[in-house]
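Undergrad: got a predicted structure here, sequence first:
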Amino acid sequence: MTSGRDLFAPKLGLTLPLCGLHFVFFLLAAMNPKRVVELFGFWPHQALAQPWGFVTFQFLHSGPMSLFFGAFALYILGSALEGGWGTAEYTAFWGVATLGASLSAWTLGTPLLSDPFVVPISMLFAYAFLFPETQFLVFFVIPVKVKWLAWLSAAFLAFAFFGDLVTYGAGPALVRVLGAGAGFLFFWVRHHGRFKARKAAREAVVAVKTAAVVRQDEALEKRNRELFPRVEALRASEKAGVAPPGGEGLRNELGRLVVPGVNICKPVDFKGDRDITCLRCEGFAECSLRYLSGQPEEIVVKKRDG
């Protein structure tokens, strides 16, 4: 189905019954298409007498391919969005997109006799906004990122708008756009702020953690810069055969600063206070003790070319 990052766990509380209704209405239409359209299509002049038509129009399909793509898109996108938002919020989103189309059609005096795909398109836009890099296998073979599918759907909406405008007039042309727009607008208002807030919170946590690490590194560097001249002085004195006062105290101090479990580098790689990596390493005290014992014999810092 998809590859990439899925943040929402699929849920079928409302999605599965909706998919089932698409198939039920398709089977009913196969037995008596004219009667099903009369009863369950949306007819502006009969809207108040048949109020269910404000919703049931979207379960009508012009053919098997329309049914397949409509139900499939609803299942894939709807289950993911319902899993992330919860059934109540998802139901509100579905209702806004559906009623956005039917109320627009009522206002413009345009009948709706088959699903104009306003709900799947709204879902695709919302999903693409949240997870633009997620991939779908188009025709189960071609991997395409969902953000490009959303752009293709937007192009389809524009093409359908101008096609309907020329063929049928402004009413039919506007219904699909207004319905899909209503669903996405609902998503934007209800969820965009939350999404930005969650993103800002994650970034704030990362920033705080990063700042803490920087402060820790700076504190280690300051301590080790102050400590190492004493280490070198003790090393020089002992090499000269002199036992300076406080030598044992410095060793004890270094011993208390040793951090258990830290992987220290080889003796030859120890650079003392001549390397920022060493200065900011938790193993500096342990390396300094090893340096006092004669490892390495001397600190060598290679000059960098250029």
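TA: Happy to help now that I have it. In this text, all values refer to a predicted model and were calculated from it rather than measured experimentally.

Undergrad: from here on, contacts and neighbour counts on C-alpha atoms
TA: Fine.

Undergrad: quick check: chain neighbours aside, which residue is closest to residue 284?
TA: residue 278 (6.3 Å; C-alpha to C-alpha, 6 or more residues apart in numbering).

Undergrad: how about residue 238?
TA: residue 244 is the one closest to residue 238 (C-alpha to C-alpha, 6+ apart), at 7.8 Å.

Undergrad: check which helices and strands the longest helix belonging to the chain sits against.
TA: Counting residues, the longest helix in the chain under DSSP state H turns out to be helix 193-239. Counting by 3 or more C-alpha pairs under 8 Å, 6 or more residues apart in numbering; DSSP states H and E, the packing neighbours recorded for helix 193-239 are helix 247-257, helix 276-279, helix 284-292.

Undergrad: deepest-packed of those helices, please.
TA: Counting by mean count of other C-alpha atoms under 10 Å, helix 284-292 has the highest mean neighbour count of the helices and strands packed on helix 193-239, with a mean of 22.

Undergrad: tell me the angle that helix makes with helix 193-239.
TA: Counting by axes from the mean of the first three to the mean of the last three C-alpha atoms, to 10 degrees, helix 284-292 points 20 degrees away from the direction of helix 193-239.

Undergrad: the inter-axis angle of helix 284-292 versus helix 247-257?
TA: Using the same axes, to 10 degrees, helix 284-292 lies at 140 degrees relative to helix 247-257.

Undergrad: list the helices and strands helix 284-292 packs on?
TA: The contact analysis (3+ C-alpha pairs under 8 Å, 6+ apart) places helix 284-292 against helix 193-239, helix 247-257.

Undergrad: output that helix as CSV, nothing but the C-alphas.
TA: What follows is helix 284-292, C-alpha atoms only, in CSV (Å, rounded to 0.1, in the frame of the first residue of the first chain):
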residue,chain,number,x,y,z
PHE,A,284,39.9,13.4,30.0
ALA,A,285,40.7,12.7,33.6
GLU,A,286,41.4,9.0,33.0
CYS,A,287,43.6,9.8,30.0
SER,A,288,45.4,12.4,32.2
LEU,A,289,46.1,9.7,34.8
ARG,A,290,47.5,7.4,32.1
TYR,A,291,49.6,10.3,30.8
LEU,A,292,51.1,10.7,34.3
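
Undergrad: next, count neighbours for the residue nearest to residue 238.
TA: Each residue near residue 244 was counted by other C-alpha atoms under 10 Å, and the total is 12.

Undergrad: helix or strand for it, which one?
TA: Counting by DSSP states H and E, no helix or strand carries residue 244.

Undergrad: in this structure it contacts residue 236, no?
TA: No. Look at residue 244 against residue 236 with C-alpha atoms under 8 Å: they stay out of range, at 10.0 Å.

Undergrad: next SSE after the one helix or strand residue 65 maps to?
TA: Using DSSP H and E, residue 65 sits within helix 64-85. Per DSSP H and E, the first helix or strand lying C-terminal to helix 64-85 is helix 87-108.

Undergrad: got the domain ranges for the protein?
TA: Segmentation of the chain into domains, based on automatic domain parsing, reads 2-205, 245-292.

Undergrad: now the terminal residues of the last one, how far apart.
TA: Counting by C-alpha to C-alpha, to the nearest Å, the length from the leading to the trailing residue of domain 245-292 is 15 Å.

Undergrad: starting at the chain centroid, how far to it?
TA: A distance of 43 Å separates the centroid of the chain from that of domain 245-292, by C-alpha atoms, centre = their mean, to the nearest Å.

Undergrad: also the first one?
TA: Taking C-alpha atoms, centre = their mean, one finds domain 2-205 lying 21 Å from the centre of the chain it belongs to.

Undergrad: which ones are touching the closest residue to residue 99 other than its chain neighbours?
TA: Leaving aside its sequence neighbours, residue 99 sits nearest to residue 54 (C-alpha to C-alpha, 6+ apart; 6.4 Å). Contacts for residue 54 (C-alpha atoms under 8 Å, 6 or more residues apart in numbering) come out as 42, 47, 98-99, 102-103.

Undergrad: between these, which sits nearest residue 166?
TA: The nearest member of those to residue 166, counting by C-alpha to C-alpha, is residue 102 at 21.2 Å.

Undergrad: picking up where we left off before, now the helices and strands packed on helix 284-292 in TSV, with distance to residue 285 and mean pLDDT?
TA: As requested, the helices and strands packed on helix 284-292 are exported to TSV (distance: least, C-alpha to C-alpha, whole Å; pLDDT from 0 to 100):
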stretch	distance to residue 285	mean pLDDT
helix 193-239	8	81
helix 247-257	5	87
